[in-house]
Every structure is written in structure tokens, then in C-alpha cells.
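[1] 3D model of this:
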Amino acid sequence: MLIAKIYVTLKPDVLDAPGTTVKSALETLGFEGLADVRIGKFIVLTLNSLTKEEAAARVEEMCRRLLANPVIEDYRVEVEGAAG
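    I've put the predicted structure just below:
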């Protein structure tokens with residue numbers, strides 16, 4: 001089985017309102033020295049019967065078509081495990 005890990009984050013120039021809220025809450029709790037907080041998504045997919053190359057290509061397409069919004073988000077894909 002192959003495991004695809006997908007990290008989706010807002011592009012650096014996009015306002016991250018949840019990140020700003022979490023930063024403020026952390027500072028209220030006494031955690032100082034935070035320059036910035038960014039909130040994203042972490043997605044794990046388990047894939048069967050693909051090579052790593054096929055899995056990576058399929059997951060890239062999934063990200064482009066559904067899992068990430070390429071206008072405002074960046075994503076990174078890691079494929080691990082053995083095919084079969």
C-alpha cells in the first residue's frame with residue numbers, strides 16, 4: 001500500500017484569518033515571540049495497486065481538481081510505502 005501525505009497551505013500573500021486568531025489566542029495565553037501563524041490542511045490518502053509514480057501523478061491531479069485551490073493555496077505531496 002502507498003500512503004500519500006498532502007500538505008495544503010495558503011499562499012504567503014493571502015490573509016489567513018484563522019491563523020491571526022490563533023496567534024492572538026496564543027499570545028493571550030502568554031506565548032510570546034510569535035512572528036506569524038498560518039493554518040492549513042493535512043490530508044492522508046491510502047492508495048492500492050499503483051506505482052509510486054502513478055500514485056504521485058494521480059494525487060497531483062486530485063489536488064489540482066479538488067483538494068487544493070490553486071488560486072490561493074499551495075500544496076506539497078509525499079508518497080510513501082510499497083506499491084501492490
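
[2] helix, strand or coil for the residue of the chain positioned farthest from its centre?
    Each residue of the chain has a distance to the centre, and by Cα atoms, centre = their mean the biggest one is for G30: 27.9 Å. Secondary structure state of G30, per DSSP: H, G, I helix; E, B strand; the rest coil, is coil.

[3] What does the pLDDT read for it?
    Per-residue pLDDT puts G30 at 98.

[4] How about the one 4 residues further on?
    In this prediction, L34 carries a pLDDT score of 97.

[5] Now name the helix or strand holding the nearest residue to it once chain neighbours are set aside.
    Leaving out its chain neighbours, the residue that sits closest to L34 by Cβ to Cβ, 6 or more residues apart in numbering is K23, at 5.4 Å. Placement of C-beta: from N, CA and C, glycine included. Element membership for K23 (DSSP states H and E) is helix 17-28.

[6] quick one: the strands in the protein?
    Using DSSP state E, the strands of the chain run over 2-10, 40-47, 73-81.

[7] possible to save those as a markdown table with distance to G19, mean neighbour count and mean pLDDT?
    Converted to a markdown table, the strands of the chain look like this (distance: least, Cβ to Cβ, whole Å; neighbours: other Cβ atoms under 10 Å; pLDDT from 0 to 100):
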| stretch | distance to G19 | mean neighbour count | mean pLDDT |
| --- | --- | --- | --- |
| strand 2-10 | 8 | 18 | 97 |
| strand 40-47 | 9 | 13 | 97 |
| strand 73-81 | 13 | 15 | 96 |
